[in-house]
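[1] Dropping a prediction and its sequence here:
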Amino acid sequence: MNYQNYLSITPEIEQALKEGRPVVALESTILSHGMPYPENIEFAHKVEEIVRGEGAIPATTAIIGGKLKVGLNADELELMCKGENIAKASRRDVAVYLSNGQTAATTVATTMLIADMAGIRIFATGGIGGVHRGAQETMDISADLQEFAHTNVCVVSAGCKSILDIGLTLEYLETFGVPVLGYQTENFPAFYCEASGFGVDYKVKDAAEVAQILKTKWDLGLQGGVLVANPIPHEYSMDHKVIDKVIDQALAMCKEKGIHGKATTPFLLATIKDLTGGDSLASNLQLAYNNARVASRVAVEFSKK
């Protein structure tokens, strides 16, 4: 494969990978499409600080100038956070955007793909995509789930977004043999809420246990990713009855405006933020910070294997 020609890895990250030191991949869709400027750039710096504080190297990904970027400099980070003419790239878009020079933010699926190409095995995000409500009719299922099926990357997230059909999302992951590990919990989290009412496949006690499972899985040649479901810290968890009511309102507005496809999630998140008076954004920040901490600890433990 010639994908190395399309990878642009910062010297620091390249050196860390050569030496087997822990590296944590980070997405950029949360920056370009999930948060307003300049709050997003403050968030980006804070996440990278957290990763470094836990002993790992942050690797924020993006598509810029016909390259798959692994690690962004200050100017590139500013570019992604300002979000001007920044597309949202899932797997199907990668070849097109590389060919035409389109600048694009990376989703969970694309970040997994790029991380795998670079040799990064641990990735921290907010929440994964999944099966959308009403998918029985619309077939609206995130490409994130297919990426889990065949890409060897461990994703630490606060479960999946409450705007999705969580039960069907978990069924889809089970069908494709993706282990769902609850980080110190038996409950599958629902992004803004620490519990969704659904369980996980296995409860793990710490980062070392996650790292051992990853090593064993990939040593056996079992292809595909692992989802580590890491609940939002209790003090920042939102009342599920309140957030469910808000989500129903946002979904109704989405349908009324005829919004669909990749525009759906950014619209819903922005609408939920407005309807909660900004409380959902505060929760979003805290769960992402928490995921960065746990992912970094997993990366440190995995680097010892």
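    Great, that's in hand. As the structure is a computational prediction, the values presented were derived from the model and not from experiment.

[2] so Y289 sits right up against K46, yeah?
    Yes. Counting by C-beta atoms under 8 Å, Y289 sits close enough to K46 to count as a contact (6.7 Å). To be clear about C-beta, it is placed using only N, CA and C from the backbone, and glycine gets the same treatment.

[3] Looking at these two, which one has more neighbours?
    Between Y289 and K46, Y289 has the larger neighbour count (other C-beta atoms under 10 Å), namely 19 against 14.

[4] Tell me where the stretch 201-305 of the chain has helices.
    Using DSSP state H, counting those that start in this stretch, the helices found in the stretch 201-305 of the chain span residues 207-219, 240-257, 264-275, 279-302.

[5] can you give me the strands in the stretch 101-250 of the chain?
    Taking DSSP state E, counting those that start in this stretch as the test, the strands found in the stretch 101-250 of the chain are 104-106, 122-124, 154-157, 180-183, 202-204, 226-229.

[6] With respect to burial, which of those strands scores highest?
    Comparing those by mean neighbour count (mean count of other C-beta atoms under 10 Å), strand 122-124 ranks first with a mean of 31.

[7] which helices and strands does it pack with?
    strand 23-26, helix 108-118, strand 154-157, helix 279-302 (3 or more C-beta pairs under 8 Å, 6 or more residues apart in numbering; DSSP states H and E).

[8] Paired strands for that strand, with orientation please.
    Each strand paired with strand 122-124, and its direction, by DSSP bridges: strand 23-26 (parallel), strand 154-157 (parallel).

[9] dump the residue contacts of S280.
    192, 238, 243, 246, 269, 272-273 (C-beta atoms under 8 Å, 6 or more residues apart in numbering).

[10] do W218 as well
    Going by C-beta under 8 Å, 6+ apart, the list of residues near W218 reads N152.

[11] One more: S32?
    For S32, the contacting residues are 40, 80-81, 83, 86, 88, 105, taking C-beta under 8 Å, 6+ apart as the criterion.

[12] same check, this time on N2
    Applying C-beta under 8 Å, 6+ apart, no residues qualify as near N2.

[13] Phi first, then psi, for it.
    Here the main-chain torsion angles of N2 (degrees, to the nearest 10) amount to phi -110, psi 20.

[14] which stretches of the stretch 51-200 of the chain form helices?
    If DSSP H, counting those that start in this stretch is used as the criterion, the helices of the stretch 51-200 of the chain fall at 74-82, 94-100, 108-118, 135-138, 143-150, 166-175.

[15] which strands and helices sit next to the biggest strand by length in the chain?
    Of all the elements of type strand in the chain, the one with the most residues (DSSP state E) is strand 57-64. Helices and strands touching strand 57-64, by 3+ C-beta pairs under 8 Å, 6+ apart, are helix 11-18, strand 23-26, helix 39-53, strand 67-70, helix 74-82, helix 94-100, strand 104-106, helix 108-118.

[16] contact partners of the second one?
    I take that to be strand 23-26. With contacts defined as C-beta under 8 Å, 6+ apart, strand 23-26 is touched by 13, 16-17, 47-48, 51, 56-61, 70, 111-112, 114-115, 118, 120, 122-125, 153, 292, 295-296, 299.

[17] again, 7 Å this time
    Applying C-beta atoms under 7 Å, 6 or more residues apart in numbering, the set of residues contacting strand 23-26 from outside is 13, 16-17, 47, 51, 56-61, 111, 115, 120, 122-124, 295-296, 299.

[18] continuing past it, what's the next helix or strand?
    Secondary structure here is assigned by DSSP states H and E; on that basis, the next helix or strand after strand 23-26 toward the C-terminus is helix 29-32.

[19] Just the mean pLDDT for that following helix, thanks.
    If you average the pLDDT over helix 29-32, you get 94.

[20] on that earlier part again, could you redo the contacts of S32 as CSV and give each row pLDDT and distance to K161?
    Formatted as CSV, those follow (pLDDT from 0 to 100; distance: C-beta to C-beta, whole Å):
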residue, pLDDT, distance to K161
N40, 92, 18
M80, 98, 21
C81, 97, 21
G83, 92, 20
I86, 97, 20
K88, 94, 15
A105, 98, 17
